[in-house]
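Asker: Got a predicted structure here, sequence first:
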Amino acid sequence: MTDRTTSPTSTGPLHGVRVLDLTTVFMGPSCTQLLGDLGADVIKVEAPGGDSTRSIGPHGDVGLGPLFMGLNRNKRSIVLDLKKPEGLAALLRLAKDADVLATNVRPAGMRRLGLGYEQLAEVNPRLIYAAMVGFSQRGPYAPKAAYDDMIQAATGLAAAVGEASGGEPRYLPITIADRSVGLYAFGVISAALYARERTGVGQSIEIPMFETMIPYILGDHLYGHTFDPPKAGFSYPRLMSPNRRPYKTKDGYVCCLIYTDRHWDVFLNAVGKGELLKTDPRFANIRTRTQAIDALYQMVADELAHRTTAEWRALLPESDIPIFPMHTFDSLLHDEHLAATGFFEHTEHPVVGKILETAVPSEWSGTPPTQRTPVPMLGQHTAEVLREAGMGQAEIDVVLAQGAKRSNAKPAPHPKEPFA
């Protein structure tokens, strides 16, 4: 991998890797931010209207809303109108020296722009072309757009949440599909870079949301249908129990995970019901407990309601039973462990002022990722990046003029092409 002296001061295991980031919204930017956090030079290529998440929430009027801020640090932003010959030519020039191109634009849209893998491989045979798509391009769903809610429904997750809670199907209140697929794409891209170091050539990679999320769901819930013919129904009973939830105490809620033989021994003796280990066949082993999990979790819920959270933490030693108070978003910011590790950090953003950021959640003894650059304004680095690519000022001025038409406007509404 080329060490580029013209790239920003950077450390980390991916130092020297240059990424062209043609992604928007959640899935793609979460992937590329992980690459940037570990030292890659991530160049976020935005249309003149910018990534639509720029406008959501406080400071959205200047294109630095909280969702965008949480997904786009350690990146440089350039504006290119890829529908114009000059914008397309500029991207192709950047692609000659790039290691990775990441996109969540539908493949048909990329081909219409002249940016399919075949075209870019001619420009740079070492390029890793990572396409995050909604569905495998080999099946009938290939042309469909995909968003987090759609994938939660399509994979059975929304139905499982409703069944487990005893209510209507609903989506998890986080973009679980977007961020999970983004995390998987981060690993796939890293592996592709390793393969390229061995072979000397790049390749095209497809990361489909639908197919990536199905093992997440069915890994737990295929259950009896793992066997042919099926030996039991769908769903791991412990996870589907409506009583699998934070338990209410006299003054709050706790997670108290009673799972192994040792856990049940300690818990039942602590509440004065140790004899059940010998007299109640439901406690014979993990298999019999799983079959009766609803009733056993209800027993735990009934017992925990009798004491305060502090009393339970004293009665049930954490060395024997996992027990942890339930956080809210607010209390999480004051967690003593995260405070001790410096996980949350107040930094000064040059445009919006003081912001709260999270740490890179990995620690490295040899190549620590200390790079920290603020979330960029729309098109902030256009001239800088194009100059690095060898473009003259006259060429740069043409590209800047095309992007400037909307560079100060609010970002465009939700795009038609990219996935969530």
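Answerer: Sure, I can see it.
Asker: that's a strand at Val19, yeah?
Answerer: Yes - Val19: assigned to a strand according to DSSP: H, G, I helix; E, B strand; the rest coil.
Asker: which residues sit in contact with it?
Answerer: 32, 35-36, 40-43, 98-102 (CB atoms under 8 Å, 6 or more residues apart in numbering). Bear in mind the C-beta positions are built from the backbone N, C-alpha and C, glycine included.
Asker: May I have the helix or strand where Lys354 lies exported as CSV, CA atoms only?
Answerer: According to DSSP states H and E, Lys354 maps onto strand 353-358. Below are the C-alpha coordinates for strand 353-358, written out as CSV (Å, rounded to 0.1, in the frame of the first residue of the first chain):
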residue,chain,number,x,y,z
GLY,A,353,-18.5,24.4,18.6
LYS,A,354,-18.2,21.9,21.4
ILE,A,355,-19.4,18.4,20.6
LEU,A,356,-19.4,15.0,22.3
GLU,A,357,-17.6,12.2,20.5
THR,A,358,-17.0,8.5,21.3
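Asker: helices and strands around that strand, which ones?
Answerer: The elements that strand 353-358 packs onto, with contact taken as 3 or more CB pairs under 8 Å, 6 or more residues apart in numbering; DSSP states H and E, are strand 344-349.
Asker: show me where the stretch 1-150 of the chain has helices.
Answerer: For the stretch 1-150 of the chain, applying DSSP state H, counting those that start in this stretch gives helices covering 27-37, 66-69, 85-95, 107-112, 117-123, 148-154.
Asker: Let me have the ones you listed in CSV, adding mean neighbour count, mean pLDDT and distance to Ala270 as columns.
Answerer: Shown next, in CSV, are the helices of the stretch 1-150 of the chain (neighbours: other CB atoms under 10 Å; pLDDT from 0 to 100; distance: least, CB to CB, whole Å):
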stretch, mean neighbour count, mean pLDDT, distance to Ala270
helix 27-37, 27, 98, 42
helix 66-69, 20, 98, 43
helix 85-95, 19, 97, 63
helix 107-112, 16, 94, 58
helix 117-123, 16, 97, 60
helix 148-154, 21, 97, 38
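Asker: can you list those helices in a markdown table and add distance to His15?
Answerer: Listed next are the helices of the stretch 1-150 of the chain as a markdown table, based on distance: least, CB to CB, whole Å:
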| stretch | distance to His15 |
| --- | --- |
| helix 27-37 | 11 |
| helix 66-69 | 24 |
| helix 85-95 | 19 |
| helix 107-112 | 28 |
| helix 117-123 | 24 |
| helix 148-154 | 32 |
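Asker: coming back round to it: contacts for the following helix or strand past the strand holding Lys354, please.
Answerer: Scanning forward in sequence from strand 353-358 by DSSP H and E, the next helix or strand is helix 382-388. Residues outside helix 382-388 that contact it (CB under 8 Å, 6+ apart) are 4, 6-7, 43, 76-80, 90, 93-94, 395-396, 399-400, 403.
Asker: from the residues you listed, which would you call buried?
Answerer: Buried subset of the contacts of helix 382-388 (neighbour count, 16 or more other CB atoms under 10 Å): 7, 43, 76-80, 90, 93-94, 395-396, 399-400, 403.
Asker: Going by distance to Ala232, which of the residues you listed wins?
Answerer: Ile43 (50.7 Å; CB to CB).
Asker: quick one, what contacts that closest one?
Answerer: Residues near Ile43 by CB under 8 Å, 6+ apart: 18-21, 75-76, 78, 94, 98, 381, 385.
Asker: Arg262 too?
Answerer: So Arg262 contacts Asp320 (CB under 8 Å, 6+ apart).
Asker: What helix or strand is it located in?
Answerer: Using DSSP H and E, Arg262 maps to helix 261-270.
Asker: Starting from that helix, tell me the next helix or strand along the chain.
Answerer: helix 276-279.
Asker: ok, and for that next one, which residues are buried?
Answerer: Leu276.
Asker: Centre of the chain to the helix or strand that that helix is followed by, how far?
Answerer: Sequence order places helix 286-291 as the next helix or strand after helix 276-279, per DSSP H and E. Chain-centre distance of helix 286-291: 34 Å, with CA atoms, centre = their mean, to the nearest Å.
Asker: ok, and for helix 286-291, which residues are buried?
Answerer: For helix 286-291, by 16+ other CB under 10 Å, it's Arg289.
Asker: just checking, what packs against that helix?
Answerer: Checking 3+ CB pairs under 8 Å, 6+ apart, helix 286-291 ends up next to helix 237-240.
Asker: Let me see the mean pLDDT of the helix it packs on.
Answerer: The average pLDDT within helix 237-240 is 95.
Asker: what's that helix packed up against?
Answerer: Packing partners of helix 237-240 (3+ CB pairs under 8 Å, 6+ apart): helix 157-165, helix 209-221, helix 286-291, helix 293-304.
Asker: With respect to Ala340, which of those helices lies nearest?
Answerer: helix 293-304 (27.7 Å).
Asker: hmm, back to that, so which of the buried ones among the contacts of helix 382-388 are in strands?
Answerer: 43, 76-79 (DSSP state E).
Asker: can you redo the residues you listed as TSV with pLDDT and distance to Gly28?
Answerer: Compiled in TSV, these are given as follows (pLDDT from 0 to 100; distance: CB to CB, whole Å):
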residue	pLDDT	distance to Gly28
Ile43	98	13
Arg76	97	16
Ser77	98	14
Ile78	97	16
Val79	97	17
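Asker: is it true that Asp178 touches Thr24?
Answerer: No - using CB atoms under 8 Å, Asp178 makes no contact with Thr24, being 11.3 Å away.
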